[in-house]
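> got a sequence here, can you model it:
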Amino acid sequence: MASRAGGVVIHAVEHGSGRPVLVLHGADVDHRETEACFEPALEGVAGLRRVYPDLPGTGRTPAPGWMRSADDVVDALLAFADEVSGGDAYLLAGHSAGAYLAQGMAARRPGQVAGLALVCPLVPGVRDVPAHRVVAGPGGLGDDVFGSYFVVQTPEMLDRYERFVAPAAALVDEAAMARIGERWELSSGPPPYAGPTLVVAGRLDSTVGHAAAVDLLGTHPRASLAVVDEAGHALPHERPEVLRALLAEWLTRVERSG
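Modelled structure (predicted):
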């Protein structure tokens with residue numbers, strides 16, 4: 001599907017029907033990574049329309065020249081969410097930079113966001129980031145990006161990287177990403193989001209760490225927090241069974257909240 005929203009034609013794939021859940025990917029990839037990681041956990045949930053957009057400047061979604069900040073990206077994503085949901089409440093999930101943008105959307109439209117799931121979230125104030133360390137596999141597999149991204153470096157993880165992560169590199173609009181990256185922080189910090197929230201971090205995440213993610217408990221009074229051992233920034237690939245269980249618990253809380 002493609003939707004003109006906020007002056008941008010946003011490309012997305014979707015599965016199922018019912019209440020929308022928008023799943024936002026991180027930097028330098030496209031919808032294929034989040035679809036590969038989140039769809040196995042969500043596809044069995046009845047009444048859930050799973051929508052995986054390409055963020056502006058990635059995949060098949062352009063980033064027009066006027067788009068110069070994270071605030072501009074959030075504006076476009078909010079318009080896209082309105083188009084997808086018809087103005088009704090929807091769920092938001094995101095990985096890495098996608099989780100940061102999801103927080104910005106929830107801060108702007110808390111009444112329309114029925115639940116928020118943040119996986120390995122990028123947030124301002126990142127600190128205490130551990131050195132990269134491989135915990136499984138022989139090492140020496142794949143390219144430098146794979147080697148610095150995965151802490152589980154098995155042939156299975158390399159296959160996932162080559163299928164769902166690496167192909168997006170050729171589609172990234174590097175100039176647009178540099179332009180937006182100059183103002184990647186949202187103009188105002190997210191106020192507390194009071195809906196059902198899930199925060200998941202990899203204890204070995206050498207990209208954003210886990211310490212700053214723990215701080216999100218202070219601004220998300222209904223958050224469940226999991227810091228997962230032997231997982232890095234590629235946690236959705238490396239620990240799919242943990243992500244599936246945590247998302248199921250989150251969706252149960254969303255359902256109870258109406």
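> please count neighbours and contacts with C-alpha atoms only from this point.
OK.
> strands along the stretch 1-150 of the chain, start to end?
2-5, 8-15, 19-24, 48-53, 90-95, 113-119 (DSSP state E, counting those that start in this stretch).
> so what touches the third one?
Residues outside strand 19-24 that contact it (C-alpha atoms under 8 Å, 6 or more residues apart in numbering) are 31, 34-35, 38, 47-55, 81, 84-85, 89-95, 98-99, 101-102.
> of those, buried ones?
Among the contacts of strand 19-24, those classed as buried by 16 or more other C-alpha atoms under 10 Å are 31, 34-35, 38, 48-55, 81, 84-85, 89-95, 98-99, 101-102.
> what sits against P53?
By C-alpha under 8 Å, 6+ apart, P53 lies in contact with 10-13, 22-25, 30-31.
> count of neighbours near D159?
D159: 12 surrounding residues under other C-alpha atoms under 10 Å.
> any low-confidence regions in the stretch 151-258 of the chain?
Residue ranges of the stretch 151-258 of the chain with pLDDT under 70: 189-191.
> give me that answer again for 90
For the stretch 151-258 of the chain, the stretches with pLDDT under 90 are 187-193, 218-219, 257-258.
> ok, which stretches of it are strands?
Remark: strands assigned in the stretch 151-258 of the chain by DSSP E, counting those that start in this stretch are 197-202, 223-228.
> could you export those as CSV, including mean neighbour count and distance to L42?
Compiled in CSV, these are given as follows (neighbours: other C-alpha atoms under 10 Å; distance: least, C-alpha to C-alpha, whole Å):
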stretch, mean neighbour count, distance to L42
strand 197-202, 26, 15
strand 223-228, 18, 18
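> turn the ones you listed into JSON lines, columns for distance to R179.
Listed next are the strands of the stretch 151-258 of the chain as JSON lines, based on distance: least, C-alpha to C-alpha, whole Å:
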{"stretch": "strand 197-202", "distance to R179": "28"}
{"stretch": "strand 223-228", "distance to R179": "33"}
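> if we can go back for a sec, in TSV, list the strands of the stretch 1-150 of the chain along with mean pLDDT.
As requested, those are exported to TSV (pLDDT from 0 to 100):
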stretch	mean pLDDT
strand 2-5	66
strand 8-15	95
strand 19-24	98
strand 48-53	98
strand 90-95	98
strand 113-119	98
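> pretty sure P240 contacts T34?
No: using C-alpha atoms under 8 Å, P240 is not in contact with T34; the gap is 11.7 Å.
> which of the contacts of P53 lies closest to L158?
L158 has its nearest neighbour among the contacts of P53 in D30, at 17.4 Å by C-alpha to C-alpha.
> what residues are up against that closest one?
For D30, the contacting residues are 53-55, 58-59, 165, 168, by C-alpha under 8 Å, 6+ apart.
> if we use 6 Å, what do you get?
For D30, the contacting residues are 54, 58-59, 168, by C-alpha atoms under 6 Å, 6 or more residues apart in numbering.
> out of those residues, which is most surrounded?
Within these, most neighbours by other C-alpha under 10 Å means T58, with 28 neighbours.
> look up phi and psi at the residue lying closest to that one once chain neighbours are set aside.
Distances taken as C-alpha to C-alpha, 6 or more residues apart in numbering put V172 closest to T58, at 4.6 Å, once the chain neighbours are dropped. The phi and psi values for V172, taken as degrees, to the nearest 10, are phi -70, psi 130.
> count of neighbours near V172?
22.
> and it, how close does it get to G202?
V172 sits 26 Å away from G202, taking C-alpha to C-alpha, to the nearest Å as the criterion.
> could you do F164 as well?
Per C-alpha to C-alpha, F164 is found 20 Å from G202.
> hmm, back to that, okay, the contacts of D30 in CSV with distance to P155 next?
Output for those, formatted as CSV (distance: C-alpha to C-alpha, whole Å):
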residue, distance to P155
D54, 27
T58, 27
G59, 25
A168, 20
